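Enquirer: Below is the structure, and that's it, no one-letter string:
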């Protein structure tokens, strides 16, 4: 028997002990219904293999609903579909179901998310941005003792499993590609100015420009709300300038689609007159003409891992899993003619 397997979970302990998962659950939670002999046998197996259940393991061990919550605040339908597909497939494979809950990230969010967890009876929760970046939400969930996995693009340190993606580095990469193609007049369209993704992606753009001795002027930054219409309006302001940009980096694909419409209305050809990039690599990116250069966030893979971490918690509950985004180059960007 391998006594040093650090990835053991309650199912493996039950198999090694030759008992049911419920029996292991009762031992972990100091419940009745297990004979003294069986209880001692299970404990000896756990000691032999070095199994030390985390708080999440103890919480999920006694759960009966086989439901996992997924809280989100995002209007992008393709992003929400990726959340659902990634989490549902992983959950079904493990005998669980996903309960999705859309909520606003405002001052009522703390009470709402606690109410959702109590009503739904979910065994654990996957928290996605911007909800996962709220210290007040995290603190309350920790106080309540629910198992939580946090998916976020920031570097905040919270006492729970975290799945991170690097917005800033991805924005730096896509900006560097534009600079390498000869672009020096680069503009940025973000979501709300105080939104985490906007701040991180704008920082990445600035990082790349600074490394290349270029500047991003205030007039070349516009803020929308991650919608098509806001992208269209922001593009009207950017492209009306006397010295218009040769490239526009958008914080998501929906706003990039709005830039396409404005460019067409002004008689500008993409990419001959204007290069445009997006973020998220949603279906919109490949349906536009020309197809949109974008950044692929591995949303389905991240949510699938989040399910795995909830159902089969690892010993180190503060472990951080890092995912890297990829630039998907398409025909909406081109070498600038010098």
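Expert: Happy to help now that I have it. Given the structure is predicted, the values throughout are model-derived calculations rather than measurements.
Enquirer: any weak-confidence spans in the stretch 151-300 of the chain?
Expert: Within the stretch 151-300 of the chain, not a single segment meets pLDDT under 70.
Enquirer: So which residues of the stretch 151-300 of the chain form strands?
Expert: Counting by DSSP state E, counting those that start in this stretch, the stretch 151-300 of the chain has strands at residues 162-165, 186-190, 221-223, 247-250, 275-277, 294-296.
Enquirer: mind listing what the last one pairs with, with the direction of each?
Expert: Taking DSSP bridges as the criterion, strand 294-296 forms sheet pairs with strand 326-328 (antiparallel).
Enquirer: sorry, back to before: buried deepest among the strands of the stretch 151-300 of the chain, which one?
Expert: Comparing these by mean neighbour count (mean count of other CB atoms under 10 Å), strand 247-250 ranks first with a mean of 30. The way it works is simple: take the backbone N, C-alpha and C, and place the C-beta from them, glycine included.
Enquirer: Residue 69: which of the strands of the stretch 151-300 of the chain is closest?
Expert: For the strands of the stretch 151-300 of the chain, the distance to residue 69 is smallest for strand 162-165, at 15.7 Å, taking CB to CB.
Enquirer: and the strands of the stretch 151-300 of the chain as TSV, adding distance to residue 69?
Expert: As requested, the strands of the stretch 151-300 of the chain are arranged in TSV below (distance: least, CB to CB, whole Å):
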stretch	distance to residue 69
strand 162-165	16
strand 186-190	29
strand 221-223	31
strand 247-250	31
strand 275-277	34
strand 294-296	26
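Enquirer: how about residue 112, secondary structure?
Expert: Following DSSP: H, G, I helix; E, B strand; the rest coil, residue 112 is assigned to helix.
Enquirer: picking up where we left off before, which among the strands of the stretch 151-300 of the chain is found nearest to residue 334?
Expert: Counting by CB to CB, and looking across all of these, nearest comes strand 275-277 at 5.9 Å.
Enquirer: Other residues contacting that closest one?
Expert: 174, 178, 181, 183, 246-250, 256, 259-260, 263, 270, 292-295, 332-334, 336 (CB atoms under 8 Å, 6 or more residues apart in numbering).
Enquirer: are any of these buried, and which?
Expert: Those of the contacts of strand 275-277 that meet the buried threshold are 174, 178, 183, 246-250, 256, 259-260, 263, 270, 292-295, 332-334, 336, by 16 or more other CB atoms under 10 Å.
Enquirer: neighbours of the nearest residue to residue 254 once chain neighbours are set aside, just the number please.
Expert: Nearest non-adjacent residue to residue 254, counting by CB to CB, 6 or more residues apart in numbering: residue 228, 5.0 Å away. Using other CB atoms under 10 Å, residue 228 has 19 neighbouring residues.
Enquirer: I'd like the distance from residue 228 to residue 74, if you could.
Expert: 15 Å (CB to CB, to the nearest Å).
Enquirer: and if you look at residue 197?
Expert: Distance, residue 197 to residue 74, by CB to CB: 10 Å.
Enquirer: Of all residues in this protein, which one is nearest the centre?
Expert: What sits nearest the mean C-alpha location of the chain, by CA atoms, centre = their mean, is residue 151, with 4.6 Å.
Enquirer: Would you map the helices across this structure?
Expert: Ranges of helices in the chain, per DSSP state H, are 10-17, 21-28, 36-49, 55-61, 77-93, 109-120, 135-144, 167-180, 196-211, 228-239, 253-265, 283-287, 299-311.
Enquirer: Quick one: residues contacting the closest residue to residue 335 other than its chain neighbours.
Expert: Closest residue in space to residue 335, ignoring its immediate chain neighbours: residue 181 at 4.7 Å, by CB to CB, 6+ apart. Taking CB under 8 Å, 6+ apart as the contact definition, residue 181 lies against 275, 333, 334, 335, 336.
Enquirer: Make JSON lines out of those and add distance to residue 90.
Expert: Conversion of these to JSON lines gives the following (distance: CB to CB, whole Å):
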{"residue": "275", "distance to residue 90": "37"}
{"residue": "333", "distance to residue 90": "34"}
{"residue": "334", "distance to residue 90": "39"}
{"residue": "335", "distance to residue 90": "41"}
{"residue": "336", "distance to residue 90": "43"}
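Enquirer: Out of those residues, which sit inside strands?
Expert: Per DSSP state E, strands hold the following members of the contacts of residue 181: residue 275.
Enquirer: which of the contacts of residue 181 lies closest to residue 67?
Expert: Ranked by distance to residue 67 (CB to CB), the contacts of residue 181 are led by residue 333 at 43.5 Å.
Enquirer: Verify the stated contact: the closest one with residue 248.
Expert: No - between residue 333 and residue 248 there is no contact under CB atoms under 8 Å: 10.3 Å.
Enquirer: Tell me who's in contact with residue 223.
Expert: 189, 190, 191, 192, 193, 198, 234.
Enquirer: how near is it to residue 251?
Expert: Between residue 223 and residue 251 the computed distance is 9 Å (CB to CB).
Enquirer: Find the residues that touch each one of the two.
Expert: Residues touching both residue 223 and residue 251 by CB under 8 Å, 6+ apart: 189, 190, 191, 198.
Enquirer: Tabulate those (TSV), appending distance to residue 35.
Expert: Output for the shared contacts of residue 223 and residue 251, formatted as TSV (distance: CB to CB, whole Å):
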residue	distance to residue 35
189	66
190	62
191	59
198	59
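Enquirer: just to revisit the earlier point, now, among the contacts of residue 223, which is nearest to residue 97?
Expert: Looking across these and measuring by CB to CB, the closest to residue 97 is residue 191, at 31.2 Å.
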